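# A structural model of the following input is requested.
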Amino acid sequence: MAEEKKKKAIDRLKAMYPLRARIDEVYKNSVKAMREGKPTAWSMVNWWEGDPIIMAMGVEAVYPENYGAACAAAGAAPAYLERAGADGFPDHICGYARNCIGYTARMKDLGEIPPEAPMGGMPKPVLLMSAGSLCDARYKWFQALGRYLDAPVWVLELPHLGVKEGLMEGAYDQAIRFMVEELREFVGFLEKLLGKKMDWDKLEDISNDIIDMNRIWYETNELRKARPCPMHSRDFWTCMTGCLYPAGDLKALKKMYQDLYDEVKYRVENKIAACPNEKYRLVFAELPPWHSLKFFDRLAERGWSFVVESWAYHPPKPIDLSQVKDPLERIAKFTYQWFAGYFEESEKQGEQMGYFGYPYLEYARDWQCDGALLHPLLSCRTATNHLMYVQDRLIQKLNVPSLVASGDIVDLTLFDPEDTLRRAEAFEETMDHYKEVRKKEGLGW
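Next comes the predicted model:
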């Protein structure tokens, strides 16, 4: 009976499973493409700036960051981390980077994909598509792969304007022009590398599918504002990969997201909870401990329902791009909307961290969160350095308290689930206290 109760702590979405299976399919397809002589690229998450372009050029994409999460979940990461350390890469740099470097070093040693590699492994690429957005490691990581791979690196650039600067007259148009020019250069580079011309009609079709798919995904997450919440963060982390790392048959993938939306909508209409024992609603930031996701089932047994999560992995707020004729401009505006879509409201609220900071105020308010679980990462400054700011703003503006639990995305030795569970029990008293405070102040939940 106890085991049965444990299984039901989180009621997982049925539509999640085909999306989860698709991850395995993407890696298998990339290996198959390599063996058939088709070009493959290792791509960083780039928030759709480069993905549609390489897809339109017939390049099969595989994503080392996502693969790092897969290796962590499968228990394969420790050996790759150890190999990266042996080659001189320190343990405080990005866990995804260290996993990828260790994997690549082992692949070079063997002359083939390591036999123990989860999901068929990552095949040797003809291109490393890097991105300058947000993260410290980014292009330096892919440059470091030159020690093991003979493949060119292209860095996709994204202007990182602050809230005030981004809202200055002409700043938006200048940022988009810069991105379009960069993307046009990228197309020219690919045409020379691959010896073929861009199919602009195909690019338009692919970019439209990606935008439409993200709209469905955005609307699905909006449904999670309902009480009880119909979808737990565990399903979000499983399902986000299709939108964040687009590859393969996008129309089939879009249908999977529509099925997911329909199931979540059904749950809302019938008041079916993802966490049947929902007592506390929480926001999670930033990346989860991929190696210890069952930890969230144990929190769910206590009534902790994670209803919304990290800003950087959510789709952008929808905007109308139907009148934008140039597909490169459409891609640039869509990607920039992900980055700057909270700027105007952030400015109105007197907040100046319009990305990585302010969105959590909207999340906690609109999803009616009782608390936040903040997960600082030893190996990712970018997903950590703002968390104390978020903690301060949540308590000061909304009387929403935070529990800080340090760990890592890949290195399981840096996360202590038992200690966090002990502190979680005490944190419930804090959340109960601030529920009363919010009621007295008329905050609505």
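# Just give the nearest non-adjacent residue to residue 382, would you?
If the residues on either side of it in the chain are set aside, residue 382 comes closest to residue 135, at 4.8 Å by Cβ to Cβ, 6 or more residues apart in numbering. Every residue, glycine included, has its C-beta placed from N, CA and C.
# Now do the same contact list for that neighbour.
Residues in contact with residue 135 (Cβ atoms under 8 Å, 6 or more residues apart in numbering) are 44, 94, 380, 382.
# for residue 204, same thing?
Neighbouring residues of residue 204 by Cβ under 8 Å, 6+ apart: 327, 330.
# Now residue 46, what are its backbone angles?
Taking degrees, to the nearest 10, you get phi -130, psi 10 for the backbone angles of residue 46.
# Let's see the pLDDT reported for it.
Residue 46 carries a pLDDT score of 95 in this model.
# Excluding chain neighbours, what is closest to it?
Leaving aside its sequence neighbours, residue 46 is closest to residue 131 (4.1 Å, by Cβ to Cβ, 6+ apart).
# Tell me, how many residues neighbour that neighbour?
Applying the criterion other Cβ atoms under 10 Å, we find 22 residues in the vicinity of residue 131.
# That one bridge partners, please.
Residues found in beta-bridge contact with residue 131 (criterion: DSSP bridges) are residue 156.
# got any ranges where the stretch 101-250 of the chain has weak pLDDT?
Judged against pLDDT under 70, the stretch 101-250 of the chain has no low-scoring part.
# Of the contacts of residue 135, which is the nearest to residue 420?
The closest of those to residue 420 turns out to be residue 380 (Cβ to Cβ; 18.1 Å).
# Surely that closest one is in contact with residue 94?
Yes: look at residue 380 against residue 94 with Cβ atoms under 8 Å: they come within range, at 5.8 Å.
# out of these two, which sits in the busier spot?
Using other Cβ under 10 Å as the criterion, residue 380 and residue 94 rank with residue 94 on top: 27 against 24.
# if you average pLDDT over the helix or strand containing residue 65, what comes out?
With the criterion set as DSSP states H and E, the secondary-structure element containing residue 65 is helix 64-74. The predicted model gives helix 64-74 an average pLDDT of 90.
# And it, what does it pack against?
Identification of packing neighbours for helix 64-74 by 3 or more Cβ pairs under 8 Å, 6 or more residues apart in numbering; DSSP states H and E yields helix 16-35, helix 77-86, helix 95-110.
# can you pull the contacts of the residue nearest to residue 393 when sequence neighbours are not counted?
In space, and not counting its chain neighbours, residue 393 is closest to residue 361: 5.9 Å by Cβ to Cβ, 6+ apart. Residues near residue 361 by Cβ under 8 Å, 6+ apart: 349, 351, 393-394, 397-398.
# tell me the SS of residue 312?
Following DSSP: H, G, I helix; E, B strand; the rest coil, residue 312 is assigned to helix.
# quick one: it and residue 349, what's the gap?
Residue 312 sits 20 Å away from residue 349, going by Cβ to Cβ, to the nearest Å.
# same question, residue 106
Taking Cβ to Cβ, one finds residue 106 at 49 Å from residue 349.
# between the two, who's got more neighbours?
Per other Cβ under 10 Å, whichever of residue 106 and residue 349 has more neighbours is residue 106, with 19 against 15.
# For that one, give its distance to residue 69.
Computed as Cβ to Cβ, the residue 106 to residue 69 distance reads 18 Å.
# quick revisit: check the offset of the helix holding residue 65 from the chain's centre.
Mean C-alpha position of helix 64-74 versus that of the full chain (Cα atoms, centre = their mean, to the nearest Å) differs by 12 Å.
# Now it - C-alpha only, CSV.
Listed next in CSV are the C-alpha coordinates belonging to helix 64-74 (Å, rounded to 0.1, in the frame of the first residue of the first chain):
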residue,chain,number,x,y,z
PRO,A,64,24.8,18.2,-25.8
GLU,A,65,23.1,20.1,-23.0
ASN,A,66,20.0,18.0,-23.2
TYR,A,67,22.3,15.0,-23.5
GLY,A,68,24.0,16.0,-20.3
ALA,A,69,20.7,15.8,-18.5
ALA,A,70,20.0,12.4,-20.1
CYS,A,71,23.4,11.1,-19.0
ALA,A,72,22.8,12.4,-15.5
ALA,A,73,19.3,10.7,-15.3
ALA,A,74,20.8,7.4,-16.7
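# now the angle between helix 77-86 and that helix, please.
Using axes from the mean of the first three to the mean of the last three Cα atoms, to 10 degrees, the interaxial angle of helix 64-74 with respect to helix 77-86 works out to 120 degrees.
# Report the angle between helix 64-74 and helix 95-110.
Angle between the axes of helix 64-74 and helix 95-110 is 90 degrees (criterion: the same axes, to 10 degrees).
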